[in-house]
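Colleague: Take a look and give me a structure for this.
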Amino acid sequence: MNGTAPPAAADPRALLLSLYRAAVERALPEQGLAGALPAPPAKGRTVVVGAGKAGGAMAAALDAAWPADAPLSGLVVTRYGHVPPAWRQRPGRLEVVEASHPVPDAAGQAAAERILQSVRGLSADDLVIALISGGGSALLSLPAPGLSLADKQAVNQALLASGAAIDEMNGVRKHLSAIKGGRLAQAAAPARVLTLLISDVPGDDPAVIASGPTVPDASTCADALATCRRYGIELPAAARQGLESGAFETPKPGDACFRGHEWKLIATPQASLEAASDRARALGLPAHILSDEIEGESREVGKVHAALARAVARRGAPFARPCVILSGGETTVTLRPRAPGAARGRGGRATEFLLGCAIALQGQAGVHVLAADTDGIDGIEDNAGAIVAPDTLARAAALSLKPAERLDANDAYGFFSALGDLVHTGPTFTNVNDFRALLVL
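Modeller: Prediction:
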């Protein structure tokens, strides 16, 4: 049975942006980090290490919560432009440096080398606090023996363009690394290690988040090779040899180096979806969470969401309208072949999802959709995401924009930019992955 839309629905764009902000606010490090901290060690040192898009904000939250009279030192690496402004103006006790994402660079390699060195030689009286968030896999880049940074960059770029799922990509990354896949914890032994995590992966597996530098790795060299074969990833000779021989194997569950270690999730995609759901209900709209673990090709996931929204709009099933439908997870974009000389299209997971969704919606009345990355950056672009409205296709036609052609060219950014429908937030200083909200009136 359908009801009357509440006053908040009079401005669908503002309503959708409000839900996105609620999701992001719930994932900010200051919301959950302080309560996860232990007391300072009675005898030893406290060394902080970390990597990820939320690294700067996590460092600031820890510094603020840690007793002023307790020693604290360490190094955290985050993405360029992702250090909170307040920290830039007045740094705390921890050092925060920046590096490249999603393709690693020399700055990330230098930071990884320093981080690995900072935990060597610690004692059982010492405490290591690892601040790990999404993006840390590229930012914490230290090639395995025999590999160069250029080797890692080439493999990483191929993985990003392949359509591989995040757990598959990270399974390869950790086996070609000297610091990920539990090797950072291995270097810190016998110190106690507490890992605080902001999850950006379906299922919230600590071994997948940033390729698990401080947690055991159950995947194998054989798994990494299988992923490369599945997606046609060409490996440098040294990488292939290290994987085939097992020389690049990672420390496994049960390894003594993990004895006494703890990990805690301080922000998750599900918690952010619940925060958005609570905001929707406070505004008078029923809200339904599909899942925080949705994966698949972005454009195809967009089609499926569109089919659901059309069913609700036309038949009032499986949900009565008005309502909000929420989902999260991490979709993928497989780059299509380009014609010789053609420019590469622009766009990340969120905009490609939305373009596929808009085409499938066919201008369905009453349906408005927002998709955005919770870190404020969709792929490598300057937008967080975009918004689709019932008149999106009509406005595109008036500008001679051809949605299907733009989708084939992986140019969703160009499509929504021409319409003025991109969402720009700048870095949010957290990252719990994709956020999608469908408003059906």
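Colleague: I'd like the next helix or strand past the longest strand anywhere in the chain.
Modeller: Longest strand in the chain, counting residues (DSSP state E): strand 323-332. Beyond strand 323-332 on the C-terminal side, the first helix or strand identified by DSSP states H and E is helix 349-361.
Colleague: Just the C-alphas of that next one, formatted as CSV.
Modeller: Backbone C-alpha positions of helix 349-361 (Å, rounded to 0.1, in the frame of the first residue of the first chain) are rendered in CSV as follows:
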residue,chain,number,x,y,z
ARG,A,349,32.4,2.9,-9.8
ALA,A,350,29.6,5.3,-8.5
THR,A,351,29.1,7.2,-11.8
GLU,A,352,29.3,4.0,-13.9
PHE,A,353,26.7,2.4,-11.6
LEU,A,354,24.5,5.5,-12.0
LEU,A,355,24.7,5.6,-15.8
GLY,A,356,23.8,1.9,-16.1
CYS,A,357,21.0,2.6,-13.6
ALA,A,358,19.7,5.7,-15.5
ILE,A,359,19.5,3.8,-18.8
ALA,A,360,17.6,1.0,-17.2
LEU,A,361,15.2,3.3,-15.3
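Colleague: helix/strand/coil for Gly284?
Modeller: At Gly284 the chain is in coil, as set by DSSP: H, G, I helix; E, B strand; the rest coil.
Colleague: Could you double-check that it sits in contact with Thr4?
Modeller: No. Checked against CB atoms under 8 Å, the pair Gly284 and Thr4 is beyond contact range at 9.4 Å. From N, CA and C alone the C-beta is placed, and that goes for glycine too.
Colleague: more neighbours, those two?
Modeller: In terms of neighbours (other CB atoms under 10 Å), Gly284 is the more surrounded of Gly284 and Thr4; the figures are 14 against 8.
Colleague: quick revisit: helices or strands up against the longest strand of the chain?
Modeller: When contacts are defined as 3 or more CB pairs under 8 Å, 6 or more residues apart in numbering; DSSP states H and E, strand 323-332 packs onto helix 269-282, strand 287-289, strand 294-297, helix 298-315, helix 349-361, strand 434-440.
Colleague: quick one: buried residues of the fifth one?
Modeller: Neighbour-count burial for helix 349-361, counted by 16 or more other CB atoms under 10 Å, picks out 349-361.
Colleague: got it, and the last one?
Modeller: Buried residues in strand 434-440, defined by neighbour count with 16+ other CB under 10 Å: 434-440.
Colleague: Switch the residues you listed over to JSON lines; also include distance to Ala317.
Modeller: Shown next, in JSON lines, are these (distance: CB to CB, whole Å):
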{"residue": "Asp434", "distance to Ala317": "25"}
{"residue": "Phe435", "distance to Ala317": "25"}
{"residue": "Arg436", "distance to Ala317": "20"}
{"residue": "Ala437", "distance to Ala317": "20"}
{"residue": "Leu438", "distance to Ala317": "15"}
{"residue": "Leu439", "distance to Ala317": "17"}
{"residue": "Val440", "distance to Ala317": "11"}
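Colleague: list the contacts for Glu30?
Modeller: Each residue near Glu30 by CB atoms under 8 Å, 6 or more residues apart in numbering is listed here: 57, 60-61, 64.
Colleague: Over to Ser100?
Modeller: Ser100 neighbours (CB under 8 Å, 6+ apart): 79-80, 107-108, 138-139.
Colleague: If you average pLDDT over each of the helices and strands packed on strand 323-332, which is lowest?
Modeller: Of all these, the minimum mean pLDDT falls on strand 294-297 (a mean of 93).
Colleague: Pull up the pairing partners for that one, direction included.
Modeller: strand 323-332 (parallel) (DSSP bridges).
Colleague: what packs against the helix or strand His368 falls within?
Modeller: Mapping His368 onto the secondary structure by DSSP H and E places it in strand 367-373. Other helices and strands packing on strand 367-373, by 3+ CB pairs under 8 Å, 6+ apart, are helix 12-26, helix 298-315, helix 349-361, strand 385-388, strand 434-440.
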